[in-house]
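**Q** With the sequence up front, the predicted model follows.
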Amino acid sequence: MTRPHGIEAVELTKRYGDRTVVHDLTFSVRPGSVTGFLGPNGAGKSTTMRLLLGLDAPTRGHSTVGGRPYPDHPAPLTEVGALLEARSIHPGRTARNHLLALAHTHGIPPSRVEEVIGMTGLTEVAGRRVKGFSLGMGQRLGIAAALLGDPATLILDEPVNGLDPDGVLWIRTLLKSLAAEGRTVLVSSHLMSEMALTADHLVIIGRGRLLADTTVEAFVRDAGASAVKVVSPEAASLAGVLGGPGVEVERTGPDGLLVRGTDSRSIGRTAATHCIPLFELTPVTASLEQAFMDLTHEAVEYQAVPLEGAAA
């Protein structure tokens, strides 16, 4: 397998009438890591993936996958594996026959079909018609099709949708192992907790515009929501001496504080200087979910209105 050039999007723009769904998107997806493609509903993620795969033509801009536009690849399945619509399969075909038909178009041997059936846990149901598949089984079949040509690049839209916890763990392990082999992996998901465990890099969009292109670690670190949890029998006294420019101290109970604007070391030194005992001093960082919500709250297409009388 030749090493890919990754994915490049340059000023991708897509308009439908007077509505701009994707607006001047420029980003790169490098080989050797899992890149999470995130955004609220209606952000333009699926449209962007369709543009990358040549399923929609951009109004302006261009993209390449593996060094060339996707439609220019002579054998696309062996270059790019994609999962966009897992259930876009003839319902009367068996899983095995569906994969065999795909393999035939690219000269892929039947042995590879059996291999991906085993890889995706479909061995026992490979002879069943797809119309009887559950959502999770349909996802596994879609992933098997994406892996069929042993591609250097994977573009997967919500691959964990419908999978049970064991299946989610399997996908996480699979994606990380594929990236470790030097492949390019772009995956969208609404599960922030899963992206925090799977992705190395993030591309985040909102209302069709790029909001962030960074590592998971840097994104969470720069979210500005880090704090230090402090427990002390003299919490009130400690709160009094910690206060200052840029430092915010919140009481969380008789013995508890949540301190922002300083770090554990400074708090410990201040407590020692004033002979205040500490029972706990724990850094608290923002979760990926909270950082994502903070970044995208103004880019959400549909804002929910709290019910009257609902608990805060």
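**A** Sure thing, it's come through.
**Q** Run through who's touching the longest helix along the chain.
**A** Ranked by residue count, the top helix of the chain under DSSP state H comes out as helix 165-180. Residues from elsewhere that reach helix 165-180 (C-beta atoms under 8 Å, 6 or more residues apart in numbering): 31-34, 119, 121, 136, 139-140, 143, 154, 156, 159-160, 163, 185, 187, 191, 194, 197-198, 200. C-beta: built from backbone N, CA, C; applies to glycine.
**Q** Could I have the CA atoms of stretch 236-252 written out in PDB?
**A** The C-alpha trace of stretch 236-252 is given here as PDB (Å, rounded to 0.1, in the frame of the first residue of the first chain):
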ATOM      1  CA  ALA A 236     -13.600  30.300  53.800                       C
ATOM      2  CA  SER A 237     -10.200  31.600  55.000                       C
ATOM      3  CA  LEU A 238      -8.500  30.100  52.000                       C
ATOM      4  CA  ALA A 239     -11.000  31.700  49.600                       C
ATOM      5  CA  GLY A 240     -10.200  35.100  51.200                       C
ATOM      6  CA  VAL A 241      -6.500  34.800  50.600                       C
ATOM      7  CA  LEU A 242      -6.800  33.300  47.100                       C
ATOM      8  CA  GLY A 243      -8.900  36.200  45.700                       C
ATOM      9  CA  GLY A 244      -7.100  38.600  43.400                       C
ATOM     10  CA  PRO A 245      -7.000  39.900  39.800                       C
ATOM     11  CA  GLY A 246      -7.900  37.100  37.300                       C
ATOM     12  CA  VAL A 247      -8.600  34.600  40.100                       C
ATOM     13  CA  GLU A 248     -12.200  33.300  40.500                       C
ATOM     14  CA  VAL A 249     -13.100  31.400  43.700                       C
ATOM     15  CA  GLU A 250     -16.400  29.500  43.900                       C
ATOM     16  CA  ARG A 251     -17.700  27.900  47.100                       C
ATOM     17  CA  THR A 252     -18.900  24.300  46.400                       C
END
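**Q** 7 is where my numbering starts, stick with that
**A** Okay, residue one is now 7; in that scheme the one you just asked about reads as stretch 242-258.
**Q** Which residues belonging to that stretch are considered buried?
**A** For stretch 242-258, a neighbour-count test (16 or more other C-beta atoms under 10 Å) marks 244-245, 248, 255 as buried.
**Q** again with stretch 26-36
**A** Neighbour-count burial for stretch 26-36 [16+ other C-beta under 10 Å]: 26-29, 31, 33, 35-36.
**Q** Now those in CSV, please, with extra columns for pLDDT.
**A** Output for the buried residues of stretch 26-36, formatted as CSV (pLDDT from 0 to 100):
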residue, pLDDT
26, 94
27, 95
28, 96
29, 95
31, 96
33, 97
35, 96
36, 95
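**Q** among those, which two are most distant?
**A** Greatest spatial distance among those (C-beta to C-beta): 26 and 36, at 27.3 Å.
**Q** where does residue 98 land in three-state SS?
**A** Classification of residue 98 by DSSP: H, G, I helix; E, B strand; the rest coil places it in coil.
**Q** what's around it, how many residues?
**A** Residue 98: 10 surrounding residues under other C-beta atoms under 10 Å.
**Q** This protein - how does it break down into domains?
**A** Per automatic domain parsing, the domain ranges recorded for the chain read 13-220, 233-290.
**Q** sorry, back to before: quick check, nearest of the buried residues of stretch 242-258 to residue 44?
**A** Set against residue 44, the nearest of those by C-beta to C-beta is residue 255 (32.7 Å).
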